[in-house]
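Q: Sequence and predicted structure below; questions after.
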Amino acid sequence: MNDSTSFLAQKNKNLLEYALRETEVGTWEWDVSKNIISFSSNISDILEIDMQNFDGSIEFVTKHILHPDYVDIFNVSIKEAFLTGYTSKTEYLLRATSDNELWVRLDGQFYRNADNEVTHGCGSIINLSSLKQVFTLIGKNINFLETLIQIIPSPMFYKDINGHFKYCNSAYAAFIGRPMNEITNQTIYNLVPRPLAEVYANADRDLVREGGVQVFESTFQTQFGNCRDIIFKKSLLLDSDNDITGIVGIILDITEHKESQRLIEKQNMVKDILISISHAITTYTTESDLNFDLLHKLLPVFEDCDNASILNITEDNFMEIYSCTYDHEGEAQNFSIPLKDSYIYKHSNGQFNRSKIIRNVQSYGSQHQPIVDPSTGLLIHETLYVPTFDEGILKFILTFNSSRNHHFSKIDCEISNYIGEQIPTILQVFNLNRNILRLSRYDGLTNLMNRHYFNETFGEHIATAVSEHKKLVLVTFDLDDLKGINDTFGHGAGDDYLKYFSAFISDYFIDKDIFARVGGDEFNGLFLVTTTDAILEKLLEAQKEFSSHTISSGDVTFNGRFSYGVAVYPSDSSDMDQLMTISDRRMYENKTKNTNDVPK
């Protein structure tokens, strides 16, 4: 070998050693016949061991270099290599001097002599520790991301460009209502009803065509038949060449948010209704009028509800329709059944506490309570009922009825609970107002009109007389000797005298006539007549009959007598005050003369 060739050989050797050192690749040679192993000079760095103690034997390798768990694997691999001539690219864990694991991959080839005996082998040793650390870190990150995605409560999914689901988290599986293995490789058409699948598929096509991020609101019907309000947020998944490989998406369930919004809207709607009812409380003549108006105003709160009713629970536990938004040929007025026979009672097992929804009403097979809307002829399939209590006693049951199933919602229950809580207050206010109004209009002792209310309605009766071309007869009554009764028997007897006369005169004249107590012993009456003859005759008869009555008050008895005077509209006057003056004067004349001097 000349100098030039020697220089090139040395240069190539240096380059090879440099390349091996930089790439953490070492070499090995094994003289099998002598059982001597040699390594390249950089092997001590790769194996992280002190090679000064290395005796070149295979036993040193298995005892001091290889991790004990991999010795058997190494021995099997060597035996296979002796047979095949090649070592499999097996990875081995070594005994590390640091806290980090040391991994290598052994690769090589064995040679035989003319007698087919393995004489020696050679190969490479590659340090895989850094690569293993990267893979371990990636694996940990993947596990972390997988765990993170699985615990995210929002449904997430990935599907390929053909619309086949390739991955989803457990939240999505729960949302769809199927196990994850039944979702993988399926399309949306296999998972939801076709009309809904078409909506989702069209949205995917729009996303592929337009790109970007797609956000839209939709509804989803669960396997239990419930509808959920959701927001889809989807994006395209691109590879390194910006080619579309699929779609990733997340679903936000906004049902509770929507329900909260709807609840607030309905609460405000109900509050406005109740406020309007409260403002108009003085305009309702009866509690029935109030309830009727209340039902009609509340009905639109429950969208597309067919009818509503207030069921009164009597003291003997019968259920009667107190008010309703329908009455077909008087069916509501005639309705009365034992509470226990109603499908409402059967559904609640007699436990009335809060609003509840009765679905499939027909399944209760009630023989008594109507399950057909009389106004439409439609079968009632669902009822929302609201128990209302008065001092802890079940007083009313409000019902809102629908001819459709799954019509009422949890929000409707919340709203109806609120209504049920407010109705007793409204009724209390109404009754309080009615009592106050009665006290302001009626005499507390006799229950007849007082002077103020009588004068207030006088003009209305004059208008009626004019419109009907009739006469209006004003009668002033005076109860004789009230002071004497008070002085002789006490004021209790005097009060009984007044009450007895009030009841007598009201019963004697029953044809929508008006009576009022306008003073201590003075009363007024109004009679709408065509002619005065009949009323004058009846007044005279009443005077005679009353004087024949014996009045009892405690342990005492006495007789009474009254005087009266009459004024006629319009023959005596068209002025109310003038009519009262005339009738009052004639009453005193009757009191002294006991005669009736009224012009015919």
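A: Happy to help now that I have it. Numbering: from 1, shown residues only.

Q: for stretch 147-162, which positions count as buried?
A: 149, 154-159 (16 or more other C-beta atoms under 10 Å). Bear in mind the C-beta positions are built from the backbone N, C-alpha and C, glycine included.

Q: Break the protein down into its domains, please.
A: Using automatic domain parsing, the domain parsing of the chain gives 13-131, 152-253, 274-438, 442-593.

Q: Let me have those in a markdown table, adding mean pLDDT and distance to Leu137 as columns.
A: Formatted as a markdown table, these follow (pLDDT from 0 to 100; distance: least, C-beta to C-beta, whole Å):
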| stretch | mean pLDDT | distance to Leu137 |
| --- | --- | --- |
| domain 13-131 | 80 | 11 |
| domain 152-253 | 88 | 21 |
| domain 274-438 | 82 | 48 |
| domain 442-593 | 91 | 92 |
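
Q: need those in JSON lines with distance to Glu259, can you?
A: Shown next, in JSON lines, are the domains of the chain (distance: least, C-beta to C-beta, whole Å):
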{"stretch": "domain 13-131", "distance to Glu259": "53"}
{"stretch": "domain 152-253", "distance to Glu259": "8"}
{"stretch": "domain 274-438", "distance to Glu259": "5"}
{"stretch": "domain 442-593", "distance to Glu259": "49"}
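
Q: on that earlier part again, inside helices: which ones of the buried residues of stretch 147-162?
A: If you go by DSSP state H, the buried residues of stretch 147-162 have Ile149 in helices.

Q: export the buried residues of stretch 147-162 to JSON lines and tack on distance to Phe82?
A: Output for the buried residues of stretch 147-162, formatted as JSON lines (distance: C-beta to C-beta, whole Å):
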{"residue": "Ile149", "distance to Phe82": "49"}
{"residue": "Ser154", "distance to Phe82": "59"}
{"residue": "Pro155", "distance to Phe82": "57"}
{"residue": "Met156", "distance to Phe82": "53"}
{"residue": "Phe157", "distance to Phe82": "53"}
{"residue": "Tyr158", "distance to Phe82": "49"}
{"residue": "Lys159", "distance to Phe82": "52"}
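
Q: give me the beta-bridge partners of the nearest residue in space to Glu522 that is not next to it in sequence?
A: Excluding the flanking residues, the one nearest Glu522 by C-beta to C-beta, 6 or more residues apart in numbering is Asp478, at 5.5 Å. Bridge pairing for Asp478 (DSSP bridges) gives the partners Glu522, Ser563.

Q: quick one: contacts for Asp478?
A: Asp478 is in contact with 521-523, 562-564, 587-588, 591, counting by C-beta atoms under 8 Å, 6 or more residues apart in numbering.

Q: could you redo the last one with a cut-off of 7 Å?
A: Contacts for Asp478 (C-beta atoms under 7 Å, 6 or more residues apart in numbering) come out as 521-522, 562-563, 587, 591.

Q: again with Asp72
A: Applying C-beta under 7 Å, 6+ apart, no residues contact Asp72.

Q: In three-state terms, label it for me.
A: The assignment at Asp72 comes out as helix when based on DSSP: H, G, I helix; E, B strand; the rest coil.

Q: and the gap between it and Asp107?
A: Distance, Asp72 to Asp107, using C-beta to C-beta, to the nearest Å: 19 Å.

Q: go on, Leu394?
A: Distance from Leu394 to Asp107, by C-beta to C-beta: 89 Å.

Q: Please apply the same query to Ala280.
A: For Ala280 relative to Asp107 (C-beta to C-beta), the value is 96 Å.

Q: Those two - which one has more neighbours?
A: Asp107 (16 against 11; other C-beta atoms under 10 Å).

Q: which residues of the stretch 401-550 of the chain fall in strands?
A: Using DSSP state E, counting those that start in this stretch, the strands of the stretch 401-550 of the chain run over 449-450, 471-479, 514-517, 522-529, 550-553.

Q: before we move on, back to that, looking at the buried residues of stretch 147-162, point me to the pair that's furthest apart.
A: Within these, Ser154 and Lys159 form the most distant pair, 16.6 Å apart (C-beta to C-beta).

Q: For Tyr497, list the residues it contacts.
A: Residues near Tyr497 by C-beta under 7 Å, 6+ apart: 479, 482, 485, 551, 560.

Q: if you set the cut-off to 10 Å instead, what comes out?
A: 479-482, 485-486, 489, 491, 521, 551, 553, 558, 560 (C-beta atoms under 10 Å, 6 or more residues apart in numbering).

Q: got CSV for those residues, with distance to Tyr86 and neighbour count too?
A: Listed next are the contacts of Tyr497 as CSV, based on distance: C-beta to C-beta, whole Å; neighbours: other C-beta atoms under 10 Å:
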residue, distance to Tyr86, neighbour count
Leu479, 136, 24
Asp480, 142, 16
Asp481, 142, 17
Leu482, 137, 21
Ile485, 138, 24
Asn486, 136, 17
Phe489, 137, 18
His491, 132, 12
Asp521, 135, 19
Ile551, 135, 18
Ser553, 133, 18
Phe558, 140, 17
Gly560, 138, 20
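
Q: Roughly how far does the spatially closest residue to Glu382 that is not a sequence neighbour sit from Phe82?
A: Of all residues beyond its chain neighbours, the one nearest Glu382 is Ser402 (4.6 Å), with distances taken as C-beta to C-beta, 6+ apart. Applying C-beta to C-beta, the value for Ser402 to Phe82 is 86 Å.

Q: Please identify which of the two sits among more neighbours.
A: Using other C-beta under 10 Å as the criterion, Ser402 and Phe82 rank with Ser402 on top: 25 against 14.

Q: Contacts only, for that one.
A: 302-307, 357, 359, 361, 373, 378, 380-384, 408, 412.

Q: Kindly recompute the last result at 7 Å.
A: 305-306, 381-382, 408.

Q: so which of the residues you listed is the most crowded?
A: Phe408 (25 neighbours).

Q: wait, isn't that residue in contact with Thr383?
A: No. If you go by C-beta atoms under 7 Å, Phe408 and Thr383 don't touch, sitting 8.4 Å apart.

Q: quick one, phi psi at Pro387?
A: phi -70, psi 140 (degrees, to the nearest 10).

Q: If you could redo that for Thr531, that was the one I meant.
A: Dihedral angles of Thr531 (phi, psi; degrees, to the nearest 10) stand at phi -130, psi 160.

Q: Ok, Ser40 next?
A: Torsion angles, degrees, to the nearest 10, at Ser40: phi -70, psi 160.

Q: My guess is it contacts Gly26. True?
A: Yes. Ser40 is within contact range of Gly26, at 4.7 Å (criterion: C-beta under 7 Å).

Q: Looking at the two, which has the bigger crowd around it?
A: Neighbour totals were compared for Ser40 and Gly26, and Gly26 leads with 22 against 18 (other C-beta under 10 Å).
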